[in-house]
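Student: Fold the following and give me the result.
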Amino acid sequence: MLIITLQRAKCIGCNYCQEVAPEQYRMSKKDGKAVLLHARERSGFYTVKLHDMTVLEANQKAEEACPSKIIKVKVQ
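Tutor: Numbering: from 1, shown residues only. The predicted structure is shown next:
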């Protein structure tokens, strides 16, 4: 299982995550911050659990590219 977490409040809106993993991220038109698609929010952290491991590499690239270091990708 793949677990992706986004700490949205600290997002600076650089758009790197959407560029490298467009199937998981969109940029909000309201505030310009990243949105982790299909995620659940809890205490400011947005988390999605996926069984589709084909998106692992793209999300690892998003984690590495994020200048705010607010994306965490974990394989369980």
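
Student: need the contact list for the residue of the chain positioned farthest from its centre.
Tutor: Residue farthest from the centre of the chain, counting by Cα atoms, centre = their mean, is Lys30 at 17.5 Å. Residues near Lys30 by Cβ atoms under 8 Å, 6 or more residues apart in numbering: none. (Each C-beta comes from the backbone N, C-alpha and C, glycine too.)

Student: And what about it, helix, strand or coil?
Tutor: Lys30 carries the three-state label coil when classified by DSSP: H, G, I helix; E, B strand; the rest coil.

Student: from the chain's centre, how far out does the biggest helix by length in the chain sit?
Tutor: Scanning the chain for the longest helix, with DSSP state H as the assignment, gives helix 56-65. Distance of helix 56-65 from the chain centroid (Cα atoms, centre = their mean, to the nearest Å) equals 9 Å.

Student: what is the mean pLDDT for the helix or strand following that helix?
Tutor: Helices and strands here follow DSSP states H and E; after helix 56-65, the next one along the chain is strand 71-75. Average pLDDT, strand 71-75: 98.

Student: Give the phi and psi angles for Glu19, as a check.
Tutor: Main-chain torsions, Glu19, degrees, to the nearest 10: phi -70, psi -40.

Student: who's in contact with Ile71?
Tutor: Counting by Cβ under 8 Å, 6+ apart, Ile71 touches Ile4, Thr5, Leu6, Cys17, Asn59, Ala62, Glu63.

Student: whoops, I mixed them up, Met1
Tutor: Met1 makes contacts with Lys49, Leu50, His51, Val75, Gln76, as judged by Cβ under 8 Å, 6+ apart.

Student: One more: Leu36?
Tutor: Taking Cβ under 8 Å, 6+ apart, we find Leu36 in contact with Ile4, Leu6, Arg8, Gln24, Tyr25, Tyr46, Thr47, Val48.

Student: go on, Cys66?
Tutor: Shown in contact with Cys66 (Cβ under 8 Å, 6+ apart): Cys14, Tyr16, Cys17.

Student: go on, Gln18?
Tutor: By Cβ under 8 Å, 6+ apart, the neighbours of Gln18 are Tyr25, Arg26, Met27, Ala34.
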